[in-house]
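Visitor: need a 3D model of the following:
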Amino acid sequence: MDEDSNIVIIPTYKERENIEAIVKSISSLPTVFDILIIDDNSPDGTADIVKNLQKSFLNLNLVERPGKMGLGTAYIVGFKWALERGYNYIYEMDADFSHDPRDLVKLYKACSEDGADLAIGSRYISGVNVVNWPLSRVLMSYVASIYVRMITGMRIMDTTAGFKCYRKEVLQNIRLDKVKSIGYGFQIEMKFKTWKLGYKIVEVPIIFTDRKLGASKMSGGIFNEALWGVLRMKIRSIFVKNL
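Guide: Okay, the predicted model is just below:
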């Protein structure tokens, strides 16, 4: 595998309205990015669309799972898949264009040129850069990041961000099978483990735009998992050295 090889992991569930456009957008970038879709048996035929696209896009890969098993487990599957194939830069991204595909190049440069081990596409590093979210959700997300910083001690403005690039060495040294969170708490836990291992974390400013097509997967249960999971994660870190 090339030393600058990139793989973008995109978990999907009912994303037929977005999947073709996101694949085409990523594939048109000046930097080469392979794509790995992790589909949780979408009833709308998302995986079938991906299979059809694979005829035209040789950079497109698909892993199908039998049902909804959680965001965190989807990424763990994707990380292991990417590491087994020797990719050097491994990305997390949503399918719904809330993350601008063009910003993948910014994350790549932060790691490949500027020495970041984890580059985070940050909504809050330069003010509040969120478009089309209701104020209540902006406040919930922003306050959640403050809460996470207070509990963990991490100096990261956007602790719940899901748009990231890891150097492969980071994921090789995190015990992926020990990751506890399966919902959005996963994003916090992975940053915390990266930070505890002493890796260089950089936040790259992005503009986050709420999805225009399809339905949001956010729920109260997901938020509660993140809220209480942070406390459990911090307490556990005090007593367990090797997270």
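Visitor: could you pull up phi and psi at the residue nearest the centre of the chain?
Guide: What sits nearest the mean C-alpha location of the chain, by CA atoms, centre = their mean, is Glu92, with 3.1 Å. With angles defined as degrees, to the nearest 10, Glu92 shows backbone torsions of phi -110, psi 140.
Visitor: how close does it sit to Ile120?
Guide: 10 Å (CB to CB, to the nearest Å). Bear in mind the C-beta positions are built from the backbone N, C-alpha and C, glycine included.
Visitor: residues near Glu169, how many?
Guide: By the criterion of other CB atoms under 10 Å, Glu169 has 12 neighbours.
Visitor: quick check: the closest residue to Val32 other than its chain neighbours vs Asn129, distance?
Guide: Excluding its sequence neighbours, the residue lying closest to Val32 (CB to CB, 6 or more residues apart in numbering) is Asn6, at 6.6 Å. Noted for Asn6: a distance of 24 Å to Asn129, by CB to CB.
Visitor: more neighbours: which of the two?
Guide: Asn6 (26 against 15).
Visitor: name the residues linked to that one by a beta bridge.
Guide: The partner list for Asn6 in beta bridges (DSSP bridges) reads Tyr89.
Visitor: tell me if I'm right that it and Tyr89 touch.
Guide: Yes: under the criterion of CB atoms under 8 Å, Asn6 makes contact with Tyr89 at 4.7 Å.
Visitor: now the common contact residues for these two.
Guide: Shared between the contact lists of Asn6 and Tyr89 (criterion: CB atoms under 8 Å, 6 or more residues apart in numbering) are residues Tyr108.
Visitor: helices of this structure, residue ranges please.
Guide: With DSSP state H, the ranges of helices along the chain come out as 19-27, 46-53, 71-84, 103-112, 135-152, 168-173, 185-196, 220-239.
Visitor: quick one: buried residues of the second one?
Guide: Translated: helix 46-53. Judged by neighbour count using 16 or more other CB atoms under 10 Å, the buried positions of helix 46-53 are Thr46, Ala47, Ile49, Val50, Leu53.
Visitor: cool, the fifth one as well?
Guide: Burial within helix 135-152, assessed by neighbour count using 16+ other CB under 10 Å, is assigned to Ser141, Tyr142, Ala144, Ser145, Tyr147, Val148, Ile151, Thr152.
Visitor: from Ile238, how far off is the third one?
Guide: Counting by CB to CB, the separation of Ala144 from Ile238 is 22 Å.
Visitor: and for the last one?
Guide: Per CB to CB, Thr152 is found 11 Å from Ile238.
Visitor: and stretch 6-23, how far apart are its ends?
Guide: Using CA to CA, to the nearest Å, the end-to-end distance of stretch 6-23 comes out at 14 Å.
Visitor: low-confidence ranges, this protein, go.
Guide: The chain contains residues with pLDDT under 70 at 211-226, 240-243.
Visitor: try 90 this time
Guide: With pLDDT under 90 as the threshold, the chain has low-confidence stretches at 1-4, 70, 126-146, 160, 180-185, 209-243.
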